[in-house]
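S.K.: Provided below are the primary sequence and the corresponding predicted coordinates.
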Amino acid sequence: MANYLSLSEEDRKRMLEAIGIASERDLYRDVPEDLYLKEDPNLPSGKSEMEVLRQMKALAAKNHVFATCLRGAGAYRHYIPAIVSEVVGKETFLTAYTPYQAEISQGILQSIFEYQTMICELTGMTVANASVYDGATAAAEAAAMCKDRKRSKVLVSAAVHPDILTVMKTYTWAAGSDLVVVPAKDGKTDLAALRELADEKTAGVLIQQPNYYGLLEDAAEAGEIAHAAGAKYIMSVNPIAAAVLKTPADCGADIAVGEGQPLGMPLSWGGPYLGFMAAGKDMMRKLPGRIVGETTDHEGRKAYVLTLQAREQHIKREKASSNICSNEALCAMTAAVYCAAMGPRGIQNAANSSAAKAHYLAEKLEEIGYKRTYAGEFFHEFVTEAPKGAAAALEALKKADILGGLALDENHILWCATEAVTKEELDLAVNVLEEV
Amino acid sequence: MELIFEKSRPGRSHAYLPACDVPAYAFAKEYLREEAPALPEVSENDLARHYSALERRAFGVNNGFYPLGSCTMKYNPKVNEVTAALPGFTDVHPLQDADTVEGCLEVLDLTKKYLCEITGMDAMTLQPAAGAHGEFTGMMLIKRYHELRGEGEKRVKVIVPDSSHGTNPATGTMNGLQVVSIPSAADGSVDLDALRAAVGEDTAGLMLTNPNTLGIFDKNITEITKIIHEAGGLCYYDGANLNAVMGVVRPGDMGFDCIHLNLHKTFSTPHGGGGPGAGAVGCKEFLANYLPVDCSSAICEIPAESVGKVRSFQGNFLVVVRALTYLLSLGKEGVPASAKTAVLNANYLKALLADTYEMANPGLCMHEFVMTMEKEHKECGVSALDIAKGLLDEGMHAPTIYFPLIVHEALMAEPTETESPETIEAAAETFKKVYRAAMADPEAAHQWPVKAAISRPDEVTAARKPVLRWVKEEA
Amino acid sequence: MNTPKELKYAKTHEWIREEDGLYVLGITDFAQDALGSLVFVNLPEVDDEFEAGDAFCDVESVKAVSDVMTPITGRVVEINEELLDAPELLNEDPYGAWIAKFEGEIEEELMDADEYEEFCENESEE
């Protein structure tokens, strides 16, 4: 049994004596007898490290890791430089708590400050927080930031990731505010419908760029419509795409959020991921969660601290608009190491390569009858028809150790390509599909 | 120390990606940003050293004693990191077909089963990404319950003791509930008369942690949950302090209807400088249908009764892998042994300190205890903050300070079960040494720490004139 | 403690001055001293309406947020936007750094300077 305790029976006796009690049951004397468990919980017996590792490896082996991944839909297999996991695996980063004691936490605080700067650079926004749980909760928190006494409705495009929509619905249901879905047309947000729906009760408008179907939205125009109605404009963006596309700031966004997983986090069956949030200066004090700021110490040396804490739950209690405290600090550091390793050109290479491969795949698929469903410009994901049915196509790819795109319904597939797949792999996938 | 941006030199980089092997794609100019993001341009060596230097300016459980109350800073086992890095877990896509992720599904099932057994709950979700996120989810179950019984409009108040974690009232607000704060007895336990006076037909529920934030097990717990149930409300257990009682007493047996657990506190997964964590939420059978769906909306429908989803996909899966690894290691003997040792260690440290520090609540405690510097602060100006900063100079992390709010000048210490008696004895000596030094020279104490990377930072200027990102200085 | 004679005071530590038919509100010296260094003022908007006893603004220090209440039922006609960039003015010059001007009716019993000083003394002793 590996229990990580570091005391002997002899120690126990000595300690009980020093405390002045006879037995460990006395430590729990406030626990009523009928509640105190008489037996150990019904779990397996404790195991040695060797046995535990064997069991966990057996579980991992029951999963299949595909050689090639053409599935995205909110989680992307990009190349991750070796230095990324080495840095974030450092013991001290791993085992530290939230940096409350600034004097001995400058390393963590500075890393978050650097991360905030990088998110500002990617989005073009003025301020960023230290992260939230994931892209979907970032969107939900952003919607909550827009609410005020007069406006409580949020408009969300139907072309956002389904989990973003569901999580936002859940959050708004809980808070008792309204969420209205703006329909999509030809795979993109229907801006005419948005214009109809945006009114004096609208607190915020949210669209995703590139959207769930991979298409590029007319983001600047959506922003103009939101602002014309007096609402705030939120863009949920893919951070790799953001390195080459017009930034949320360019498109007039008041808040930029997104799923940071593409920035160096493995797929990991959905998490831990990273929700990033950035905003213009006017909304700085409405950002939820931790924020690191620069200041000086008593000797005038540069120092970093958690700041603007009066926004947070431990001070505002029931007046706080979010209860978030733990965020995804280590994932934020992952993103920062990834961005620093890749550099501006590296990350743009990843973006451009992904887009090039996706366009190559789309073209090759078109040649074998997998016609694109929507005509609009796309980034690294796109939807096609599946002439022989989605299930048959994906099954054939699976046999070739290729995780095909995501079936949207019986006859439509959402494909994705990143820089991590080679031309050879793409050609193989197309050949397999041709045989179906 | 320089920022990574200040080490950046144009053109410096390392090749991580090959040249693109398909024709480049040119987007129309209207889609493209004008300038590349100003990310750092550094060599890999400089980058690696940068983070090594940052690591030296940080403090984790591996660096020394970390008695941060309410945070359960126990040792983070190495084997957990090994299992969480297995490619069979890290390289699977969240939208893979079920028959290709049977191992992942089994990890979820086993973890849920064990956690249900430990807490006395019937069903569980591992989707919430942190404790506060779990609280939010747990209170949603209560809200949903009342709503589906047609009492949603009526039951709008959640009762929270004034000794609670700040997340509790904030969680109530996020759920559109009015927060009713009730006073606690001096030991932080629930004042039964105040509770009886607060309940009524408008009561949605109660949020409580037991042991409470003063480290005291509320012996009236069954009476408390009964009062709420008789008023038609439900009881929510904040599992932040479960480390004191896991395997010893179960929230389900105390009368709680739903709970959250902090896998990053009680179940040994690392805190990562503030996350990622995981906030499992458990409930009794009658609430099970309201749980969020552990499946992406991209591939699953949301059942009508479910609250929906609180996070994309399945949650912080790799954190769950670590927690399961820990549960398998401890097993049925190790779970209660850990709790009992955590309580033993806390009482031992408390006994060693009782001759120097005034305890907010003398006598036995659970896994943590609270000291108060109220008298010293009034008499000679030595504050809890001064003691905390003095401890930093001694190579120790400080306890939690100024919490719970009902104790003035509070120092809240939680040693956890993974510390040896020698570490606790040495820590007690350090606590006393710092106390004596502070009382001997309060003025000097206000300047502590003097050995850390920086001295006390100017938080007022940081908040008045926020500088939240690096900006290149114009040459 | 500085307590100008010409002002009126509320139990929740605001000062009130009548000026051209409007009521000008700020926080007292006692209040700013108790709150410590203020870092942000969350101002109401012009035209916001409040009832006497409502919090119309909050002020933040590093470790706390406190409501500022109004004894007036009425409408905000002007706010002191200077405070947004310089919250420290509330500490440095509490009676010069007004927060908002209201039109409406005072619906709470106010104290004069002597009464307020006595009120603060009693409060400090508690």
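M.R.: Done, it's in. Residues are numbered from 1 along each chain as shown, chains lettered A, B, ... in the order given.

S.K.: anything in stretch C:69-82 sitting right up against chain A?
M.R.: No - contact of stretch C:69-82 with chain A is not found when judged by Cβ under 8 Å from any Cβ of the partner chain; the minimum separation is 12.7 Å. Every residue, glycine included, has its C-beta placed from N, CA and C.

S.K.: Run the chain-centre distance for that stretch.
M.R.: 9 Å (Cα atoms, centre = their mean, to the nearest Å).

S.K.: Which of the residues in that stretch are classified as buried?
M.R.: The neighbour-count check on stretch C:69-82 (16 or more other Cβ atoms under 10 Å in any protein chain shown) flags C:69-74, C:76, C:79-80 as buried.

S.K.: check contacts around the residue of the stretch 151-300 of chain B found nearest chain C.
M.R.: The stretch 151-300 of chain B approaches chain C most closely through residue B:166 (11.7 Å), counting by Cβ to the nearest Cβ. Contact analysis of residue B:166 by Cβ atoms under 8 Å, 6 or more residues apart in numbering or on different chains lists A:312-317, A:320.

S.K.: Go again with 10 Å.
M.R.: Listed by Cβ atoms under 10 Å, 6 or more residues apart in numbering or on different chains, the contact set of residue B:166 reads A:312-318, A:320, A:323, A:325, B:132, B:403-405.

S.K.: coming back round to it: with the buried residues of stretch C:69-82 in mind, which one is nearest to residue B:346?
M.R.: residue C:69 (42.4 Å; Cβ to Cβ).

S.K.: Return the residues in contact with the closest one.
M.R.: C:10-14, C:25, C:50, C:52-57, C:108.

S.K.: So which of those are in strands?
M.R.: C:14, C:25, C:50, C:55-57 (DSSP state E).

S.K.: From the residues you listed, list the buried ones, please.
M.R.: Using 16+ other Cβ under 10 Å, the buried ones in the ones in strands among the contacts of residue C:69 are C:14, C:25, C:50, C:56-57.

S.K.: Farthest-apart pair in these, please.
M.R.: So, these by Cβ to Cβ: farthest apart are C:14 and C:50, at 12.4 Å.

S.K.: Between these two, which contacts overlap?
M.R.: Counting by Cβ under 10 Å, 6+ apart, the common neighbours of residue C:14 and residue C:50 are C:56-57, C:69-70, C:72.

S.K.: re the thing from before, quick one: which of the buried ones among the ones in strands among the contacts of residue C:69 is nearest chain B?
M.R.: residue C:57 (17.2 Å).

S.K.: Please name the bridge partners of that closest one.
M.R.: residue C:68 (DSSP bridges).

S.K.: In contact with it, which residues?
M.R.: Residue C:57 neighbours (Cβ under 10 Å, 6+ apart): C:14, C:25, C:27, C:41-44, C:48, C:50, C:66-70, C:76, C:79, C:83, C:99-100.

S.K.: thought residue B:66 was touching residue B:416?
M.R.: Yes - the criterion here is Cβ atoms under 10 Å, and residue B:66 meets it with residue B:416 at 8.2 Å.

S.K.: which neighbours do the two share?
M.R.: Common neighbours of residue B:66 and residue B:416 (Cβ under 10 Å, 6+ apart) are B:72-75.

S.K.: Any chance of these in TSV with neighbour count as columns?
M.R.: Output for those, formatted as TSV (neighbours: other Cβ atoms under 10 Å in any protein chain shown):
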residue	neighbour count
B:72	26
B:73	25
B:74	24
B:75	18
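
S.K.: before we move on, back to that, so, if you compare the contacts of residue C:69, which one comes nearest to residue A:237?
M.R.: Distances from residue A:237 to the contacts of residue C:69, taken by Cβ to Cβ, are shortest for residue C:57, at 35.1 Å.

S.K.: in chain A, which helix has the most residues?
M.R.: helix A:329-367 (DSSP state H).

S.K.: following the longest strand along chain A, which helix or strand comes up?
M.R.: Identified as the longest strand of chain A according to DSSP E is strand A:202-209. Sequence-wise, the next helix or strand downstream of strand A:202-209 (DSSP states H and E) is helix A:219-228.

S.K.: any low-confidence regions in the chain?
M.R.: You didn't say which chain, so I picked chain A. Applying pLDDT under 70 to chain A flags residues A:1-2.

S.K.: that answer is for a different chain, and I need it for chain C
M.R.: Where chain C drops to pLDDT under 70, the residues are C:125-126.

S.K.: Nearest residue to the residue of it found nearest chain A in space, please, no chain neighbours.
M.R.: Nearest residue of chain C to chain A: residue C:60, at 3.7 Å (Cβ to the nearest Cβ). What sits nearest to residue C:60 in space, not counting adjacent residues and going by Cβ to Cβ, 6 or more residues apart in numbering or on different chains, is residue A:310, at 3.7 Å.

S.K.: any idea how far residue C:122 is from chain B?
M.R.: The span separating residue C:122 from chain B equals 19 Å under the rule Cβ to the nearest Cβ, to the nearest Å.

S.K.: now do residue A:203
M.R.: As judged by Cβ to the nearest Cβ, residue A:203 and chain B stand 15 Å apart.

S.K.: And for that residue, the neighbour number?
M.R.: For residue A:203, the neighbour count with other Cβ atoms under 10 Å in any protein chain shown is 22.

S.K.: if I look at residue A:314, how far off is chain B?
M.R.: For residue A:314, the distance to chain B - Cβ to the nearest Cβ - is 4 Å.

S.K.: does that residue really touch residue C:63, like I thought?
M.R.: Yes - contact criterion Cβ under 10 Å: residue A:314 and residue C:63 qualify, at 9.3 Å.

S.K.: In chain C, mark out all the strands, start to finish.
M.R.: Under DSSP E, chain C gives strands at C:8-9, C:14-19, C:22-27, C:38-42, C:49-50, C:55-61, C:65-69, C:72-79, C:100-106.

S.K.: domain parsing for chain B?
M.R.: With domains defined by automatic domain parsing, chain B comprises B:4-56, B:79-326, B:336-460.

S.K.: hey, which of those is tucked in deepest?
M.R.: Mean neighbour count (mean count of other Cβ atoms under 10 Å in any protein chain shown) peaks for domain B:79-326 among those, with a mean of 23.

S.K.: gap between the two ends of that one?
M.R.: 9 Å (Cα to Cα, to the nearest Å).

S.K.: How far off centre is that domain?
M.R.: 12 Å.

S.K.: pLDDT of it, averaged?
M.R.: Per-residue pLDDT over domain B:79-326 has a mean of 95.

S.K.: Tell me who's in contact with the closest residue to residue C:70 other than its chain neighbours.
M.R.: Using Cβ to Cβ, 6+ apart and skipping residues adjacent in sequence, the residue nearest residue C:70 is residue C:56, 4.6 Å away. Counting by Cβ under 10 Å, 6+ apart, residue C:56 touches C:14, C:25, C:42-44, C:48-50, C:67-70, C:72, C:76, C:79, C:99-100, C:102.

S.K.: State which one residue of the stretch 251-400 of chain B is found closest to chain C.
M.R.: Counting by Cβ to the nearest Cβ, the stretch 251-400 of chain B gets nearest chain C through residue B:385, at 10.5 Å.

S.K.: and what of the stretch 1-150 of chain A?
M.R.: Taking Cβ to the nearest Cβ, the stretch 1-150 of chain A has residue A:149 as its residue nearest chain C, at 7.9 Å.

S.K.: thinking that residue is in contact with residue C:45, fair?
M.R.: Yes - at 8.8 Å, residue A:149 counts as touching residue C:45 under the criterion of Cβ under 10 Å.

S.K.: Please say which of these two ends up with more neighbours.
M.R.: More crowded of residue A:149 and residue C:45, by other Cβ under 10 Å: residue C:45, with 11 against 8.

S.K.: From residue C:13, how far out is the closest residue to the more buried one other than its chain neighbours?
M.R.: Sequence neighbours aside, residue C:76 is the residue nearest to residue C:45 in space, at 7.0 Å (criterion: Cβ to Cβ, 6+ apart). Distance from residue C:76 to residue C:13, counting by Cβ to Cβ, to the nearest Å: 19 Å.
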